[in-house]
Structure formats: structure tokens, C-alpha cells
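*Asks:* pasting the sequence and the predicted coordinates here, then a few questions.
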Amino acid sequence: MTAAGNAPVLVGVDGSESALRATAWAARAAALHHVPLKIVAALTVAAPYGAGVGLAPGYFDGLEEEGRRRLAEAADVAAKAAAGLGELTVTTECLLGGAIPVLREQAARARMLVVGTRGLGEFTGTFVGSVAIALVSHGPCPVVVVRGRTPGAEPPAEGPVVVGVDGSPLSDAAVAAAFEEASLRNCPLVAVHAWSDVPLVSAFGSFADNAPWDEIETAEHVVLAERLAGWRERYPDVTVKRVVTRDRPAHSLLRLAERAQLVVVGTRGRGGFSGLLLGSTSNALVYSAPCPVLIVRAAPAGERPRTSTKERT
């Protein structure tokens, strides 16, 4: 992760069930990482009264009281979720402002930011709310979108961690985070390298049928081994399964996520346009994954381990 020291896991709450599920996930993550949990409630003034003009006496007192109620409810959920995982320090704070700017500012000092798929006041027909999408796109730290197997379901707590590997710098950061998460959760890691993200017939034209696919696949196995080299030495407790597939990355990751407890990807892959905030693969996972999705940004300086001279099989 990008934050150093004892930076907290941060979660925002608004009273919705989605936010409470995110709080429970964040509490367990904080306990596993041995860092504090910070729960924030953003108190938004109704739009016509943005400057506080014409508000009834006691408006802000009522707003603050509602914020404290939401925080108390979330803190209770966090304590129950982290029970048995060790001591967890929980802090709460009500802050005046919109959820997006408040959480972005707080996330600058967080280890990771955890959000639900949809908050209060957002259209129930959408699978991911505007707050979650904005924070995934613009957040200054890794962001987890907490999803379940079906809309409204609790996130899965069993299964492997799945990580997408394409050789890009952001993919390397995702690999680092995925090994850490798998080690902390005492679960296997599935490293997925999908080596074609365009229709192959279109890419190769009439040569597609005669392309040396066996040689290409062998070379792609080498690419994946190189990206994992060093991490297996750092995390010898993590059992790693390598998956190399001739498929689109999003399709492969979504299929494997059906039995996973967490999917980890970078914000943008090797083929992503530098001007885009989210790549097509990360975007597809945020909207459709059947488990929580961890979106990772740049790797910290010095985080890439030294490549070993002999790769384990």
C-alpha cells in the first residue's frame, strides 16, 4: 500500500446498508493490517442552502446529531466485525461537506479507502453510485469497492485473492498489494495474465489461424513468472496459482472472481490510455465483480523486490 507507518483504513458512512457492509469489511481489513480504522460521516447541507442562509434554528445541530448517530451505528458494526481478530482502534469524525471532497481529503493520509457500491439518495437501479466511482477515479490512495455475489449481499469472506498481471507499473503495484492481502488473509493467490485484450482475428487478420500460439503462450508464461519473481520469496506462506489465458483481461478476472474474496488490479493496464482515469478492465470490475475490488495506484519507491536468479515452479 502507498501510505507508510500507522496510516488508518478509512471508510465513509451515510447510514446506508451498503456503507455499513463497507464498514464491516474495512474493520476486518484494519485489524488484519494492524492499523487503526477511521470512520467519517460527511454532513452535506441541502443544496438550496449551501451557504447556510435561511436555515431554521437548530438545523446544524440536527445535522450533527444525525452524523453522530451514523458514526455510532458504524462503530458498533466495526467492533462486531473485527471481534476475534485482535485489538482494533476506531476513531470517528463528522465533517461538513460533500462526501467526495471530504473523503478525498481524508484519503490523502490513509492506507486505503473503503466504500460501498451505493449510498443513500442514489438511484437504486444503478449498480455503483457516483461517490464510489468518483473516489475510485480520483482518490489519492488505494480504493476498495465492497461488493457481494449479488446486489445487496454481504461480501464473501472465503476464497483466494485474484490479481491481474500485465507487466505495467500499476500492475506491479497490484501484485505487491495482492501478495500482502493474501498473506494477511491466509489464503491462496491467483495471478492472472490474459495476453490478448483485442479480438485476435482482427489483430492478425488472415494470419490468425496460422499464428504460433504455442510459442506465444510459452512466452507469456515467462512474462508472468518474471512479474512474480521476488514476491514469492518475500511471502513464502502464500500459495500461488498462475493462470495464463488467451482472453480479454476483464472476462478472465470476472470469471475467477466468482470464487474469490478479493480482486486486485491497477487503475490502468498496459494498453490503457494515459489520459483515462480508469482502464477498461478496472472499470468493468468496479461495476460487475462478484466480490470486493481493490484498485491500486502507483507502487511505493523501492517496493519492487529484487528478481531471483531461479524462479520457483
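*Replies:* Thanks, I have it. Numbering: from 1, shown residues only.

*Asks:* can we go C-alpha only for contacts and neighbour counts from here?
*Replies:* Noted.

*Asks:* which ones are touching Thr239?
*Replies:* By Cα atoms under 8 Å, 6 or more residues apart in numbering, Thr239 lies in contact with 187-189.

*Asks:* the same query, at a cut-off of 6 Å, please.
*Replies:* Pro188 (Cα atoms under 6 Å, 6 or more residues apart in numbering).

*Asks:* got it, and Ala19?
*Replies:* Ala19 touches 13, 116, counting by Cα under 6 Å, 6+ apart.

*Asks:* just the helices in the protein please.
*Replies:* Under the criterion DSSP state H, helices of the chain are mapped to 17-33, 59-81, 99-107, 130-138, 169-185, 200-204, 213-228, 231-234, 249-257, 280-288.

*Asks:* okay if I get the ones you listed as TSV plus distance to Thr89 and mean pLDDT?
*Replies:* Output for those, formatted as TSV (distance: least, Cα to Cα, whole Å; pLDDT from 0 to 100):
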stretch	distance to Thr89	mean pLDDT
helix 17-33	9	96
helix 59-81	9	91
helix 99-107	17	94
helix 130-138	24	86
helix 169-185	18	92
helix 200-204	51	49
helix 213-228	34	80
helix 231-234	28	90
helix 249-257	31	92
helix 280-288	29	87
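
*Asks:* right, so those helices: which one is the most enclosed?
*Replies:* Mean neighbour counts were compared across the helices of the chain using mean count of other Cα atoms under 10 Å; the top stretch is helix 17-33, at a mean of 25.

*Asks:* can you give me how far that one is from the chain middle?
*Replies:* 12 Å (Cα atoms, centre = their mean, to the nearest Å).

*Asks:* do you know which of the helices of the chain lies nearest Pro8?
*Replies:* Taking Cα to Cα, helix 17-33 is the member of those nearest to Pro8, at 7.2 Å.

*Asks:* what's the angle from that closest one to helix 169-185?
*Replies:* If you take axes from the mean of the first three to the mean of the last three Cα atoms, to 10 degrees, helix 17-33 sits at 80 degrees to helix 169-185.

*Asks:* mind saving the C-alpha coords of helix 17-33 as PDB?
*Replies:* Only the C-alpha atoms of helix 17-33 are listed here, as PDB (Å, rounded to 0.1, in the frame of the first residue of the first chain):
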ATOM      1  CA  GLU A  17     -26.700  -0.600   4.300                       C
ATOM      2  CA  SER A  18     -24.000  -0.500   1.600                       C
ATOM      3  CA  ALA A  19     -21.900   1.800   3.800                       C
ATOM      4  CA  LEU A  20     -22.300  -0.500   6.800                       C
ATOM      5  CA  ARG A  21     -21.200  -3.500   4.800                       C
ATOM      6  CA  ALA A  22     -18.200  -1.500   3.700                       C
ATOM      7  CA  THR A  23     -17.500  -0.600   7.300                       C
ATOM      8  CA  ALA A  24     -17.500  -4.200   8.400                       C
ATOM      9  CA  TRP A  25     -15.100  -5.100   5.600                       C
ATOM     10  CA  ALA A  26     -12.900  -2.100   6.500                       C
ATOM     11  CA  ALA A  27     -12.800  -3.100  10.100                       C
ATOM     12  CA  ARG A  28     -11.600  -6.600   9.300                       C
ATOM     13  CA  ALA A  29      -9.000  -5.200   6.900                       C
ATOM     14  CA  ALA A  30      -7.700  -2.700   9.500                       C
ATOM     15  CA  ALA A  31      -7.400  -5.500  12.100                       C
ATOM     16  CA  LEU A  32      -5.500  -7.700   9.700                       C
ATOM     17  CA  HIS A  33      -3.100  -4.900   8.800                       C
END
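
*Asks:* returning to that earlier point: TSV for the helices of the chain, including distance to Arg149?
*Replies:* As requested, these are arranged in TSV below (distance: least, Cα to Cα, whole Å):
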stretch	distance to Arg149
helix 17-33	13
helix 59-81	19
helix 99-107	26
helix 130-138	18
helix 169-185	19
helix 200-204	31
helix 213-228	28
helix 231-234	29
helix 249-257	9
helix 280-288	10
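
*Asks:* out of those helices, which is closest to Val114?
*Replies:* With respect to Val114, and counting by Cα to Cα, the nearest of the helices of the chain is helix 17-33 at 6.2 Å.

*Asks:* just give me how far stretch 31-45 sits from the chain centre.
*Replies:* How far stretch 31-45 lies from its chain's middle: 16 Å, per Cα atoms, centre = their mean.

*Asks:* got the buried residues for that stretch?
*Replies:* 31-43, 45 (16 or more other Cα atoms under 10 Å).

*Asks:* which of these lies closest to Thr92?
*Replies:* Nearest to Thr92 among the buried residues of stretch 31-45 is Ile39, at 4.7 Å by Cα to Cα.

*Asks:* so the closest one touches Thr92, yeah?
*Replies:* Yes - judged on Cα atoms under 6 Å, Ile39 makes contact with Thr92 at a distance of 4.7 Å.

*Asks:* how many residues are close by Glu158?
*Replies:* Neighbours of Glu158 under the rule other Cα atoms under 10 Å: 12.
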